[in-house]
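Undergrad: everything below, folded, please.
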Amino acid sequence: MDNTIKLTLVGDVFLSNMDDTRGIGIGSRILKDGIEIINKDTIEKLKESDILFGNLESPLIDSDELVNMGSFAGSIKFVVILKELGFDIVSIANNHILEKGLIGFNSTKNALQNAHIKHVGVFNENKSNVEIIECKGIKFGFAAFNAIKDIPNPNIHSDLSLDNVKATIDDMNLLQLDYKLLSFHWGNEYIHIPSLEQINLAHSVIDYGADIIIGHHPHVIQPIEKYKNGIIVYSLGNFIFDSLFSKEFKTGMKVDLHFRKGEAVAFNISEVILNEDTLNSMQESQKFNAKVTSYFNQMSRLLLQSSVYYNKYYKITLKINRLYQRIMMKVMLCKLLLFSSNKKLVFINLLKRIFKYERKI
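TA: The predicted structure is shown next:
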């Protein structure tokens, strides 16, 4: 009997239309086609896992009309998609979960609970709630935190700070867990290395007792670091997302963690390829492994220089990458203008982009 546990991590799950894709985005397509939109091979690969964890980026509400309108919200019906993919637990501490306020947040929690999908990232006296999953005699504890504050958070989800994380770990230490896994919604978008602040925070959290840190939000992949006895996944990129405007945005990462009593945690990675025909496909390749390794090597080389040099390089690269992605957004909008059935709305959105209106994703 194989006692190895396969715990799979995936990136941002955004079951919604964005402002630019009203009526034609992921949310509308799922309303129309349901589970048929899911790549069948992806489902089979994910079902090989004992535990599946991801970040649910959009609230789930009881209004198909609002979903079609590009309201940054999905339908409560979409829990069927999450169940079909095999999700056991998700984070709901992120910068879009409050798009529909407390009502939308509670609607999301209820939908997940009714579908028997655990969720973490709920505010609990400045800490995160903790969920436990026990598998083959091993107890895993999960918690989640958000550092991106686009929408004011009146003590609804858990905010990311070292004090909040430490207090949560203190609670986890009372639960006789074998492993503590923390999800962080953090960092800047479109850059393939973490900030120095993220690195320092991650190291401090591992030093305090966490085993695995799971990063979301940048929408592109970032390095995986083995630090002491812990593993830090700085960013998994996207798993399901709307408005696929660039190759970097279409590339995510699946991390399979392998746990066995008395042994060190091992892992392997797969490339997640997002496309317009089905939600995504996944493949393992040496080329992709080399790409992720190159980001880690780049981070390590910069750290060897100095913190000043690292920060300077980071800021310049971030500025260049943001400019490129904004250009690619406008290219996508131009394509929508040519092919969309709602050209008037797309044209208005294109003007907003040109005049520097931008909503963070």
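
Undergrad: now the longest helix that the chain contains, how far from the chain's geometric center?
TA: If you go by DSSP state H, the chain has its longest helix at helix 307-339. With CA atoms, centre = their mean, to the nearest Å as the basis, helix 307-339 stands 19 Å off its chain's centre.

Undergrad: avg pLDDT for it?
TA: Averaging pLDDT along helix 307-339 gives 87.

Undergrad: then stretch 150-162?
TA: Mean pLDDT, stretch 150-162: 96.

Undergrad: buried residues, it. List them.
TA: For stretch 150-162, the neighbour count (16 or more other CB atoms under 10 Å) marks 151, 153, 156-160 as buried. In short, each C-beta sits where N, CA and C put it, glycine included.

Undergrad: equivalent analysis for stretch 252-264, please.
TA: 252-257, 259.

Undergrad: next, count neighbours for residue 244.
TA: For residue 244, the neighbour count with other CB atoms under 10 Å is 17.

Undergrad: tell me the phi and psi of residue 180?
TA: Dihedral angles of residue 180 (phi, psi; degrees, to the nearest 10) stand at phi -120, psi 120.

Undergrad: that one reaches residue 212, doesn't it?
TA: Yes - taking CB atoms under 8 Å as the definition, residue 180 is a contact partner of residue 212 at 7.5 Å.

Undergrad: the residue lying closest to residue 192 once chain neighbours are set aside: what secondary structure?
TA: Ranked by CB to CB, 6 or more residues apart in numbering and with sequence neighbours excluded, the top spatial neighbour of residue 192 is residue 295, at 4.9 Å. The three-state label given to residue 295 by DSSP: H, G, I helix; E, B strand; the rest coil is helix.

Undergrad: what about the helices in the stretch 51-200 of the chain?
TA: Counting by DSSP state H, counting those that start in this stretch, the stretch 51-200 of the chain has helices at residues 64-68, 79-85, 101-114, 162-172, 196-208.

Undergrad: what's the closest of these to residue 270?
TA: For residue 270, the closest of the helices of the stretch 51-200 of the chain is helix 79-85, at 14.6 Å, according to CB to CB.

Undergrad: can I get the CA coordinates of the closest one in PDB?
TA: C-alpha atoms of helix 79-85 as PDB (Å, rounded to 0.1, in the frame of the first residue of the first chain):
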ATOM      1  CA  VAL A  79     -19.300  25.500  -7.500                       C
ATOM      2  CA  VAL A  80     -20.100  22.600  -9.800                       C
ATOM      3  CA  ILE A  81     -17.000  23.500 -11.800                       C
ATOM      4  CA  LEU A  82     -14.900  23.500  -8.600                       C
ATOM      5  CA  LYS A  83     -16.300  20.100  -7.600                       C
ATOM      6  CA  GLU A  84     -15.800  18.700 -11.100                       C
ATOM      7  CA  LEU A  85     -12.100  19.800 -11.000                       C
END
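
Undergrad: all numbers from here: first residue = 12
TA: Right, with 12 as the first residue, what we last looked at is helix 90-96.

Undergrad: other residues contacting that helix?
TA: 24, 26, 41, 45-46, 48-49, 53-54, 57, 63, 67, 71, 101, 122-123, 125-126, 128 (CB atoms under 8 Å, 6 or more residues apart in numbering).

Undergrad: mind checking which of these are in strands?
TA: 24, 63, 67, 71, 101 (DSSP state E).

Undergrad: in TSV, list those residues along with neighbour count and distance to residue 17.
TA: Formatted as TSV, the ones in strands among the contacts of helix 90-96 follow (neighbours: other CB atoms under 10 Å; distance: CB to CB, whole Å):
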residue	neighbour count	distance to residue 17
24	25	19
63	22	9
67	30	21
71	28	27
101	25	18
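
Undergrad: among these, which one sits closest to residue 14?
TA: residue 63 (19.0 Å).

Undergrad: and the closest one, how close does it get to residue 19?
TA: 5 Å (CB to CB, to the nearest Å).
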